[in-house]
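Undergrad: Show me the folded form of this:
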Amino acid sequence: MENDKSEPVEKPSPNQTEDSLDMGFYLKEGFNIVKANPVPFILGNLVLLIINSIAMGLLVGPWYAGMYHMVRKARNGEIIEFGDAFWGFNNFIPIFVAGLIFSFCVGIGACLCLVPGLIGGGILLYLIPLVAFKGEELSSAVTNSKNEAMKSLVSHTLFFLLASIVASIGFILCGVGVIFTFPVGIAAMAVCYEDRLG
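TA: Got it, this is the predicted structure:
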């Protein structure tokens, strides 16, 4: 399935500095990208959601990488296809392991009164795309993600919380809304990565 070329994306806010995150911009652009390409994002996310559920939540890495890849194509004005959602399976092992590390740190942290999980998510925000797009070794990707996040840890933690809320808010609508809101949350994180480290 194909969509027309994405609408031109906005440029980062001129108010953004190296140590700040323009959360509103990232969320708005993530929303606009998904809205402009609903078929591949919604159907791709739905299929990956089902596959990940069957795999007991172990395919977060390839799932996120596919969504990130679609955002990158959209921002470059390229045509997005349904198959792009599965791009993260091309280099499966390192992306899979990166996803496990991300999920483990966020999950364990969430069990410790939630806040440590949000901090872990903020610190490892760039882990999966660094492995998926730049081919970094896991240790290097963890270090580089941490170093970038530590420039503004509070902002990264809050952004991870906000993007997570947007991604999961669809569950309120009997779970149906998540097929749209989840891609928006992930797309926002992808835009953040592209603008800072992409």
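
Undergrad: helix or strand right after the helix or strand that contains Pro94?
TA: In this structure, Pro94 sits in helix 92-111 according to DSSP states H and E. Next helix or strand after helix 92-111 toward the C-terminus (DSSP H and E): helix 115-123.

Undergrad: What is the burial count for Ile50?
TA: When neighbours are counted by other C-beta atoms under 10 Å, Ile50 registers 10. The way it works is simple: take the backbone N, C-alpha and C, and place the C-beta from them, glycine included.

Undergrad: Tell me how far it lies from Gly122.
TA: Relative to Gly122, Ile50 is positioned 28 Å away (C-beta to C-beta, to the nearest Å).

Undergrad: Check Phe159 too.
TA: With C-beta to C-beta as the criterion, Phe159 and Gly122 are 7 Å apart.

Undergrad: Ile108 now?
TA: Distance from Ile108 to Gly122, by C-beta to C-beta: 15 Å.

Undergrad: likewise Val60?
TA: Taking C-beta to C-beta, one finds Val60 at 16 Å from Gly122.

Undergrad: Quick check: buried residues in the helix or strand where Glu148 lies?
TA: Take DSSP H and E as the rule and Glu148 turns out to sit in helix 138-149. Under the neighbour-count criterion of 16 or more other C-beta atoms under 10 Å, helix 138-149 has Ala141, Val142, Asn144, Ser145, Lys146, Glu148, Ala149 buried.

Undergrad: any chance of these in JSON lines, with distance to Lys35 and pLDDT too?
TA: Compiled in JSON lines, the buried residues of helix 138-149 are given as follows (distance: C-beta to C-beta, whole Å; pLDDT from 0 to 100):
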{"residue": "Ala141", "distance to Lys35": "30", "pLDDT": "96"}
{"residue": "Val142", "distance to Lys35": "33", "pLDDT": "96"}
{"residue": "Asn144", "distance to Lys35": "31", "pLDDT": "96"}
{"residue": "Ser145", "distance to Lys35": "28", "pLDDT": "97"}
{"residue": "Lys146", "distance to Lys35": "33", "pLDDT": "96"}
{"residue": "Glu148", "distance to Lys35": "28", "pLDDT": "96"}
{"residue": "Ala149", "distance to Lys35": "28", "pLDDT": "95"}
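
Undergrad: what's the most distant pair in the residues you listed?
TA: Ala141 and Ala149 (12.2 Å; C-beta to C-beta).

Undergrad: Give me the common contacts of these two.
TA: Common neighbours of Ala141 and Ala149, counting by C-beta atoms under 8 Å, 6 or more residues apart in numbering, are Tyr126.

Undergrad: Could you list the low-confidence segments of the chain?
TA: Scanning the chain for pLDDT under 70 picks out the ranges 1-19, 173-176.

Undergrad: Repeat the analysis, applying 90 as the threshold.
TA: Confidence mapping of the chain against pLDDT under 90 gives the ranges 1-21, 49, 57, 107-117, 167-182, 197-198.
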